[in-house]
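Peer 1: mind folding the following:
(chains A and B)
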Amino acid sequence: MQAFLDIFDIYLLEAVINGILLGGVLALLALGLNLIFGVIDVTWICYAELVMIGMYGMYFMVQVYGLPYWIAAPLTILLVAALGAALHYIVIAPLLTAPPINQLLATGGVLFILQSFATVAFGIEFRNLGIRLPVLMFGDMNFSYARLLSFAAALIGMVVVYLFMTRTFTGTAIRAISQDRQIMSLMGVDTKRLYIVTSALGGALAGLAACLLVLQYDVHPFVGLSFGPITFLICVLGGLGNFIGGFIAAFVFAEIISLGGLFSDLEWGYVLAFAFFIVMMFIRPAGLLARRR
Amino acid sequence: MKTPRAVWIAGIAAAIALPFVHRDPYHLHILVLILIWSFAYTSWSIMGRFGLVSLGHGGFMGVGAYVTALLWNHLGMSPWLGIPLAMVAAALLALVVGYPCFRFRITGHYFVLVTLALSGIVLQVITATRDYTGGSLGYTPDRATSGRQLLALQFDDKVIWYFIALLIWLSGLLIWRWIDRSMGRYAMDAISEDEDAAAAVGVNVTAEKLKITVISALMTALAGALYCQYQMFISPDTVSGISVSLQMAFAAIVGGLYVSFGPTIGAVITILLAETLRIGFGTNAVGWDNLVYGVLLVLFIIFLPKGILGSVIEKLKTQRKPSLRS
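Peer 2: Down below sits the predicted model:
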């Protein structure tokens, strides 16, 4: 019992707090995916691969070209935003009227392309930024600055998106489109332009996530597969297109992964998260915050 | 499109006669791969044609391959018993994930994402249990001692594998035909058009969907187990995970998933393409083959959404009856 209390006191609290910190980045990823889904009604299967490309962007700018982190980060965000817009323009736009399944699989093809592009261009070695941020000691608990910084930046990013969506004309138009697609074009809104803007915004969020994740994880061509599935689970659990639901679900999942990882391997944390997800589907099939029909 | 019986018989006879005429091991190897994957793709399209797009089939395939191999290596259980058990395990997994999905009307994007997560999770489980499964390094079924090869379902002769694969592939086509002519097919057609309307006319939506999903999962697990027995090496990336699931969906779509031969055509095209690219680019350019593959797939979905065979058949039909669309 005493041993259990020892674990409970320090490691559990540390895991809970680390879970919250992880939740911030996951929420950021889920927000980007939800935004695309809510407005364009398309799911980017390759979303995590955009993040991967962004992480490579960071790696090359910082490690190879020697740019400071603070300059490389905005450049990476711009790069991935451009990539997101290009993805919409080249792949999604011709398929807007196609069955949803075809749109989805086309982005799945892009997943293949991005993964193999990274393999061809950068090789399959694990690379990292070479920046080692100090560790914050608080009591007996350790928190890496990388995680604290990620959490703070993710929150700031989400607030910026919130302000953009509520305070600007373009943001209002985007929210209106997600409510009624047909009517908006009748109101004289250029939906094509707004789709591009939304895709760029989704890409920018992926870019921001890339800048933060690269501080904590090594980058390799298949890194997207390690957090892609969990992002999809979060979006479905929160209700696709439901921003607040996705936000809450991100923290719930992050806690499960973090606590599961405390008692066993990290992979089992993911498995637990999935089991939890299946159970939740029985209880709240249309997402955490869905109104009961 | 009705194929005359004579064409069928002639085709099967030619397929059986082939290894007696032409025994090049590499060509036979490619043929076996095409037949096994055709079976897997067919099992995917059995669901896919009714709008049940699953990206969880990588999971079912991984369960089929790994359960069979693990039972053989750790318990010494013959694949003759292990494969049915693996298929049952995959079917149970399909039930556990499928039931809440269908019961609570999780369709479209939601269904795809849930199943996508499923294949990701199976990959994670295989990697997490690396003490037993070898993790991402892959896993090899123990070689059977001589004289026990039949028991272990391990054959060195590619001709035997060719016949096994041919038999399985044919049974896949028969299952397709059986479903195509069953009442369930009409029920599923109705469901894919409008779920509420189908339920209103008395179709048990959940049960029908579950039935088709379990059949598909059983077949996919069988394909995985056979692939494992044939290759004698499996790794999480080749039999489970998102990329395998996507590969299945793509091949079926490239071939055309509304016709019985579509997935087979898809397998022929994608495997020949992958092999040509692999040989063409050589081993020092890993990734190029997948890059070209991915680009072609995206182009296919944009320009030929009905698949190659589907488009050809449609063209033939419209030429014959210009005023009628199928």
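
Peer 1: now do the helix or strand harbouring residue A:121, average pLDDT.
Peer 2: Assigned by DSSP states H and E, residue A:121 belongs to helix A:100-122. The average pLDDT for helix A:100-122 rounds to 85.

Peer 1: likewise for stretch B:258-272?
Peer 2: For stretch B:258-272, the per-residue pLDDT values average out at 86.

Peer 1: in it, what counts as buried?
Peer 2: By 16 or more other Cβ atoms under 10 Å in any protein chain shown, the buried positions in stretch B:258-272 come out as B:258-271. Heads up, the C-betas are built off the backbone N, CA and C, glycines and all.

Peer 1: returning to what we had before: is the helix holding residue A:121 anywhere near chain B?
Peer 2: Yes - for helix A:100-122 and chain B, the contact criterion (Cβ under 8 Å from any Cβ of the partner chain) is met by A:100-102, A:104-106, A:108-113, A:115-120.

Peer 1: any idea how far residue B:223 is from residue B:39?
Peer 2: Counting by Cβ to Cβ, to the nearest Å, the separation of residue B:223 from residue B:39 is 5 Å.

Peer 1: among the two, which residue is more densely surrounded?
Peer 2: The neighbour count for residue B:223 versus residue B:39, taken as other Cβ atoms under 10 Å in any protein chain shown, is higher for residue B:223 (31 against 28).

Peer 1: and the more buried one, how far is that from residue B:168?
Peer 2: Applying Cβ to Cβ to residue B:223 and residue B:168 gives a distance of 8 Å.

Peer 1: between the two, which contacts overlap?
Peer 2: Counting by Cβ atoms under 8 Å, 6 or more residues apart in numbering or on different chains, the shared contacts of residue B:223 and residue B:168 are B:36, B:39.

Peer 1: identify the residue spatially nearest to residue A:91, adjacent ones excluded.
Peer 2: Of all residues beyond its chain neighbours, the one nearest residue A:91 is residue A:106 (5.2 Å), with distances taken as Cβ to Cβ, 6 or more residues apart in numbering or on different chains.

Peer 1: again, but for residue B:69
Peer 2: Among residues not flanking residue B:69 along the chain, residue B:141 sits closest, at 4.6 Å (Cβ to Cβ, 6+ apart).

Peer 1: where does residue 255 land on pLDDT?
Peer 2: Chain wasn't specified; assuming chain A. Per-residue confidence (pLDDT) for residue A:255: 87.

Peer 1: actually it's chain B I care about, not the one you picked
Peer 2: In this prediction residue B:255 is given a pLDDT of 82.

Peer 1: same check on residue A:293?
Peer 2: You'll see residue A:293 listed with a pLDDT of 40.

Peer 1: give me phi/psi at residue B:233?
Peer 2: Geometry field for residue B:233 lists phi and psi as phi -150, psi 130, criterion degrees, to the nearest 10.

Peer 1: mind checking what secondary structure residue A:44 has?
Peer 2: Using DSSP: H, G, I helix; E, B strand; the rest coil as the criterion, the local structure at residue A:44 reads coil.

Peer 1: would you map the helices across chain A?
Peer 2: With DSSP state H applied, chain A shows helices at A:2-6, A:13-40, A:47-59, A:69-87, A:100-122, A:145-167, A:169-179, A:181-186, A:191-216, A:224-238, A:243-263, A:266-283, listed in chain order.

Peer 1: contacting residues for residue B:132?
Peer 2: Under the criterion of Cβ under 8 Å, 6+ apart, the contact partners of residue B:132 comprise B:70, B:74.

Peer 1: likewise for residue B:81?
Peer 2: Under the criterion of Cβ under 8 Å, 6+ apart, the neighbours of residue B:81 are residue B:71.

Peer 1: gap between it and chain A?
Peer 2: Note on residue B:81: its distance to chain A, by Cβ to the nearest Cβ, to the nearest Å, is 27 Å.

Peer 1: what strand or helix carries that residue?
Peer 2: helix B:79-103.

Peer 1: and that helix, which residues are buried?
Peer 2: Judged by neighbour count using 16+ other Cβ under 10 Å, the buried positions of helix B:79-103 are B:79, B:82-83, B:85-87, B:89-91, B:93-94, B:97-102.

Peer 1: same question for stretch B:186-199.
Peer 2: For stretch B:186-199, by 16+ other Cβ under 10 Å, it's B:187-188, B:190-191, B:195, B:198.

Peer 1: quick check: closest non-adjacent residue to residue A:165.
Peer 2: Leaving aside its chain neighbours, residue A:165 sits nearest to residue A:171 (4.0 Å; criterion: Cβ to Cβ, 6+ apart).

Peer 1: which parts of the stretch 201-326 of chain B sit against chain A?
Peer 2: B:241-243, B:246, B:249-250, B:253, B:285-291, B:293-295, B:297-298, B:301-302, B:305.

Peer 1: just the buried residues out of those residues, in ChimeraX syntax.
Peer 2: What follows is the ChimeraX syntax selecting those of those that are buried according to 16+ other Cβ under 10 Å:
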select /B:241,242,243,246,249,250,253,287,288,289,290,291,293,294,295,297,298,301,302,305
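
Peer 1: helices - which of the residues of the stretch 201-326 of chain B next to chain A land there?
Peer 2: Using DSSP H, B:242-243, B:246, B:249-250, B:253, B:288-291, B:293-295, B:297-298, B:301-302 are the members of these that sit in helices.

Peer 1: please tell me how far the spatially closest residue to residue A:67 that is not a sequence neighbour sits from residue A:214.
Peer 2: The shortest distance from residue A:67 to any non-neighbouring residue, by Cβ to Cβ, 6+ apart, is to residue A:61 (4.6 Å). If you measure residue A:61 against residue A:214 using Cβ to Cβ, the figure is 10 Å.

Peer 1: those two: which is more packed in?
Peer 2: Set side by side, residue A:61 and residue A:214 show more neighbours around residue A:214, with 30 against 20, by other Cβ under 10 Å.

Peer 1: touching, residue B:206 and residue B:101? I think so.
Peer 2: No - the pair formed by residue B:206 and residue B:101 falls short of the contact definition of Cβ atoms under 8 Å, at 9.3 Å.

Peer 1: looking at the buried residues of stretch B:258-272, which are in helices?
Peer 2: Using DSSP H, the buried residues of stretch B:258-272 in helices are B:262-271.

Peer 1: want to try a markdown table for those residues, with distance to residue A:50 as columns?
Peer 2: Below are these laid out as a markdown table (distance: Cβ to Cβ, whole Å):
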| residue | distance to residue A:50 |
| --- | --- |
| B:262 | 31 |
| B:263 | 30 |
| B:264 | 34 |
| B:265 | 32 |
| B:266 | 28 |
| B:267 | 30 |
| B:268 | 33 |
| B:269 | 28 |
| B:270 | 25 |
| B:271 | 29 |
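
Peer 1: which one of those residues sits closest to chain A?
Peer 2: For those, the closest approach to chain A (Cβ to the nearest Cβ) belongs to residue B:270, at 11.6 Å.

Peer 1: residues near residue 65, how many?
Peer 2: In the absence of a named chain, chain A is used. Taking other Cβ under 10 Å as the neighbour definition, residue A:65 ends up with a count of 8.

Peer 1: I was thinking of chain B, sorry if that wasn't clear
Peer 2: 30.

Peer 1: with residue A:64 instead?
Peer 2: A count of nearby residues for residue A:64, using other Cβ under 10 Å, gives 9.
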